[in-house]
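Colleague: predicted model, plus sequence, below.
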Amino acid sequence: MSGSLPIFKYYIGETATIQINVGDVDNTQVVRCRWSYQTPLDECGNACLDLPGAQLNNTDCYISWSVVLRAEDIASGLNSSMYVVAVTVEDFVNASSTTPLSSIPHQILVHVSQKPVDACVSRPGISAFPRRNLACFGN
C-alpha cells in the first residue's frame, strides 16, 4: 500500500523532499519505488518524469527536488506551475528479488509558486518517526 498528500505546495528556490508513505502487509518490508514508465504498459500517460531534475530514492521512497517553475510557464509570464508526478510502488518477496509481487501506481500533484511576502521564514516539520518510510500502520 502507499499514500501521500494529494497536493504538495512548494515555493520557488526551496529544496523539496516528497515522502511517499509505503507499507507491506506481509511485514517483509521489501518495498521499492520507481518512476512510472510510459512503455510498454503506459503507467503514467503525460506524467512520466514530469518533475525536472528530481531524484527518487528507490529504497526509502522519497523524491528530492530543487523547486523551479516550468520553462513554458516562465515564458508565458506565469508565476506558478503544476506538476503531475507518477511513481510506482512495488512489493518484493525478498531483497534480492527483481520480480515484484505487486505494483501500485501512485500519482501526486506538485504546485509551485512564488513565496508570499507574509509567508513564514521556514516550514513546520515533523521528525523522529521510528518507522521506515515515515509510514504509520495500524495493528
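Modeller: Sure, I can see it.
Colleague: any idea which helix or strand comes after the least confident helix or strand in the chain by mean pLDDT?
Modeller: Within the chain, judged by mean pLDDT, DSSP states H and E, the helix or strand with the poorest mean is strand 2-3; its value is a mean of 66. Tracing the chain C-terminally past strand 2-3 and defining elements by DSSP states H and E, one meets strand 7-11 next.
Colleague: mind listing what's buried in that next one?
Modeller: Residues of strand 7-11 classed as buried under the neighbour-count rule (16 or more other Cβ atoms under 10 Å) are F8, Y10. All C-beta atoms are positioned from the backbone trio N, CA, C, and that covers glycine.
Colleague: in its sheet, what does that strand sit against?
Modeller: When pairing is defined by DSSP bridges, strand 7-11 lines up against strand 102-113 (parallel).
Colleague: adjacent strands (with direction) for the strand or helix carrying T17?
Modeller: Assigned by DSSP H and E, T17 belongs to strand 15-19. Strands that pair with strand 15-19, judged by DSSP bridges, come out as strand 62-66 (antiparallel).
Colleague: can you give me the mean pLDDT across the partner strand?
Modeller: The average pLDDT within strand 62-66 is 95.
Colleague: how far does the helix or strand following it sit from its chain's centre?
Modeller: Beyond strand 62-66 in the direction of the C-terminus, DSSP H and E gives the next helix or strand as helix 71-75. Computed by Cα atoms, centre = their mean, to the nearest Å, the separation of helix 71-75 from the middle of its chain amounts to 23 Å.
Colleague: in the protein, where is pLDDT below threshold?
Modeller: Counting by pLDDT under 70, the ranges of the chain that qualify are 1-5, 123-139.
Colleague: re earlier: next helix or strand past the strand holding T17?
Modeller: Assigned by DSSP H and E, the successor of strand 15-19 is strand 21-22.
Colleague: given that next one, what are its sheet partners and their directions?
Modeller: On the basis of DSSP bridges, the sheet neighbours of strand 21-22 come out as strand 2-3 (antiparallel).
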